[in-house]
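Student: Below: sequence and its predicted model.
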Amino acid sequence: MYTIGIDTSNYTTSIAFFDGRIGENCSRLLPVKQGELGLRQSDAVFAHIKSLPELAGRLFSHVQKDRICAIGVSTRPRAVEGSYMPCFMVGYSHAKLLSEALQVPLVEVSHQQGHVAASLWSAGRLDLMDKPHLAWHLSGGTTELLLVEPEDKNVCCTRIGGTTDISAGQLIDRTGVMLNLPFPAGKHLDALRHGAEMTEVFKVKCPGMEFSLSGVQNKVEQFHEKHQNATETAAYALRCICQAVFAATKNAQKAYPGLPVVFSGGVASNSMLRERVQELKPIFAEPQYSTDNAMGVAVLASRMAEE
């Protein structure tokens, strides 16, 4: 039997199916004008309304409708009180319509829970859905270190660390705008940094599991003004982020000994980050399932719809 997952984040429209073992995700980045940092919610909502029917048509062209047993959807960024973004209502309205038309259960989860599930599925570690573990949610709007615990076939994500101000993704995108790169800038900054020769890094203070990245933005701007080298600036920005994440992860492993750490979210697809934290024995998803996608939502729907 199949489950369908829908996720309409502030960056990507996506719909996926999962058959209990394998799946497929269809997605499209929201259009952002050159030099701008994201979209207004009203523009994001409109973009999702335009994209979702086409993506659904592409997916359903080869999915047997009579085998669909549940529809999953992310309805909010995080599973905490007050977490809300209008763009998620587009996914919810489509998912609700599908569940009523097909007369199958509707499973509601958060965008963050979907990220964790997608990473575990992609890494071949769905066994961790039933065990406590640590997870990073590193994306355009979120840089949170989580204690993840099983909860009624879903996962409960408790924030234990991360940034106290701007996210790693925001720092990357702001650096990208400064370097005239497309938005979102993650993969472009990652590609640009190859060939850098300098090793300078601004070490962010991280006495525990929290750190601030707002000061790093100033350091990146100063670095670029001094060197006027896009490749070196890209590498410098990423080194600063990687150093902070590495330090917080190492401290978390001391505070929660024995727990594996999973990396999810678009920033988790960065090749420098993957290299930097290797000694911590991390669990990474495939890059395409690190960025925003509906695969984890479909996986959670499959688990939660089981009798």
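Tutor: On my side now, so go ahead.

Student: The helix or strand hosting Glu149 packs against which elements?
Tutor: Using DSSP states H and E, Glu149 maps to strand 143-151. Under the contact criterion of 3 or more Cβ pairs under 8 Å, 6 or more residues apart in numbering; DSSP states H and E, strand 143-151 touches helix 111-122, strand 133-138, strand 154-163, helix 230-255. Any C-beta I mention is one placed from the backbone N, CA and C, and that applies to glycine too.

Student: So what are the sheet partners of the second one and their directions?
Tutor: Strand 133-138 has the following sheet partners, assigned by DSSP bridges: strand 143-151 (antiparallel), strand 261-264 (parallel).

Student: could you give me the average pLDDT of that strand?
Tutor: Averaged across strand 133-138, pLDDT comes to 98.

Student: ok, and what's touching that strand?
Tutor: 112, 115-116, 119, 143-148, 157, 160, 162, 167-169, 245, 249, 252-253, 256, 259-268, 273 (Cβ atoms under 8 Å, 6 or more residues apart in numbering).

Student: angle of it against strand 154-163?
Tutor: With axes from the mean of the first three to the mean of the last three Cα atoms, to 10 degrees applied, the angle from strand 133-138 to strand 154-163 works out at 60 degrees.

Student: what separates strand 133-138 from the chain centre, distance-wise?
Tutor: 10 Å (Cα atoms, centre = their mean, to the nearest Å).

Student: Phi first, then psi, for Phe284.
Tutor: Main-chain torsions, Phe284, degrees, to the nearest 10: phi -120, psi 140.

Student: Could you tell me how many residues sit around it?
Tutor: Using other Cβ atoms under 10 Å, Phe284 is surrounded by 21 other residues.

Student: Residues in a beta bridge with it, which ones?
Tutor: Note on Phe284: beta-bridge partners Phe263, judged by DSSP bridges.

Student: quick one, what contacts it?
Tutor: Taking Cβ under 8 Å, 6+ apart, one finds Ser119, Ala123, Val262, Phe263, Ala268, Arg274, Ser290 in contact with Phe284.

Student: Looking at those residues, which one is closest to Lys33?
Tutor: Ser290 (24.9 Å; Cβ to Cβ).

Student: hang on, isn't that closest one packed against Gly266?
Tutor: Yes - applying Cβ atoms under 8 Å as the test, Ser290 and Gly266 come out as touching, 6.0 Å apart.

Student: Tell me the spacing between the residue nearest to the spatial centre of the chain and Ser14.
Tutor: With distances taken as Cα atoms, centre = their mean, Gly265 lies nearest the centre of the chain, 2.2 Å away. Applying Cβ to Cβ, to the nearest Å, the value for Gly265 to Ser14 is 14 Å.

Student: One more: Ser122?
Tutor: 14 Å.

Student: In terms of packing, which of those two has more residues around it?
Tutor: Each of Ser122 and Ser14 has its neighbours counted (other Cβ under 10 Å); Ser14 has more, 30 against 23.

Student: May I have the phi/psi pair for the more buried one?
Tutor: phi -150, psi 150.

Student: Would you agree it is in contact with Glu24?
Tutor: No - counting by Cβ under 8 Å, Ser14 does not reach Glu24; the two are 10.8 Å apart.

Student: returning to that earlier point: wait, what's in contact with the residue nearest to the centre of the chain?
Tutor: His115, Trp136, His137, Leu138, Ser139, Thr142, Gly169, Ser290, Thr291.

Student: Give me the below-cutoff pLDDT ranges for the stretch 51-200 of the chain.
Tutor: Within the stretch 51-200 of the chain, no stretch falls below the threshold (pLDDT under 70).

Student: so what's Gln198 up against?
Tutor: I think there's a mix-up here, since residue 198 is Met and not Gln. His227, Glu232, Ala235, Tyr236.

Student: does the residue located most distally from the centre of the chain count as helix, strand or coil?
Tutor: In the chain, the residue that sits farthest from the middle, by Cα atoms, centre = their mean, is Lys226; the gap is 32.7 Å. Put simply, Lys226 is helix when judged by DSSP: H, G, I helix; E, B strand; the rest coil.

Student: Next: Val267.
Tutor: Going by three-state DSSP: Val267 is helix.

Student: Against Tyr11, how distant is Lys33?
Tutor: Taking Cβ to Cβ, one finds Lys33 at 14 Å from Tyr11.

Student: neighbour count winner among these two?
Tutor: Tyr11 (23 against 8).

Student: What about the closest residue to the more buried one other than its chain neighbours, how many residues nearby?
Tutor: Distances taken as Cβ to Cβ, 6 or more residues apart in numbering place Asp292 nearest to Tyr11, at 5.2 Å, with adjacent residues excluded. The local packing of Asp292 (other Cβ under 10 Å) involves 28 other residues.
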